[in-house]
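Predicted model follows, preceded by the sequence.
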Amino acid sequence: MKAFLLHYSCSINAPLKAVCAFHTDTHNLPLITPPWIDVMIMSMDVPMHEGSIVELRIKRFGIPTYWKMKIARFDCPHSVVDQMVSGPFSTFHHERRFSPLNEHATKMEETITLSLGLGFLGRLFFPLIKKDMDRMFAYRHKATQNYFIDNATLKVI
C-alpha cells in the first residue's frame, strides 16, 4: 500500500505557546474549517492529552464520513500528532510542529502521511485528494493567521 506525504507550513504572528494551545483546543476546529466542509465534533476528551480520542463527522460533497482520531503524541508547545483509528483512509497520520521565529511569531509545519488503499485506484485518486487537501490546509493556515490578527490581545500566554 503506497503512502503519500503532504507538507504545509506558515508563519503566525503569535507566541509558540499560544499557537499550540489554539491548535490543541478541538473547539477551535470549526474556526479553521473551510465553509465547504461540514465538521461536527461527536465526542472528544477534554483537556487534550496523549491518548485522547476525538470523534468527528465530516461531510464533504454531501457524503458524511466518520473519523476516530487518537492523539499519539502530545508535546505542546512543540508538537502534536494525531492518528486515525478509523475513518475513510487506510492510514492517516497528522503531525503539527511549532517552532518559535521570535518571541512573538511561530512557524507551524504540518505533515500528513496517508494511504488510500484501493491499489491502483488509490493512486489514481490521490491527485484529486491532494488538490482538496492543499486547498483545505491553505484555508486553515490563513484562518489561523487571521484569528491571531483579530485577537491580538490573546497573544500573550
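That came through, no problem. Numbers count the residues shown, from 1 in each chain.

burial of residue 27, as a residue count?
10 (other C-beta atoms under 10 Å). Yep, even glycine has a C-beta here, placed from its N, CA and C like the rest.

Show me what the closest residue to it other than its chain neighbours is bridged to.
Nearest non-adjacent residue to residue 27, counting by C-beta to C-beta, 6 or more residues apart in numbering: residue 41, 7.7 Å away. Residue 41 has these beta-bridge partners by DSSP bridges: residue 56.

Going forward, the N-terminal residue is numbered 22.
All set: I'll call the first residue 22, so the last point we hit is now residue 62.

For residue 62, give its distance to residue 90.
11 Å (C-beta to C-beta, to the nearest Å).

Quick check: neighbours shared by these two?
75, 76, 77 (C-beta atoms under 8 Å, 6 or more residues apart in numbering).

coming back round to it: who has more neighbours out of residue 62 and residue 90?
residue 90 (20 against 13).

dump the residue contacts of that one.
Here residue 90 is in contact with 74, 75, 76, 77, 103, 104, 105, 106, 108, 115 (C-beta under 8 Å, 6+ apart).

which of the residues you listed has the most neighbours?
Ranked by neighbours (other C-beta under 10 Å), the contacts of residue 90 are led by residue 103, which has 22 neighbours.
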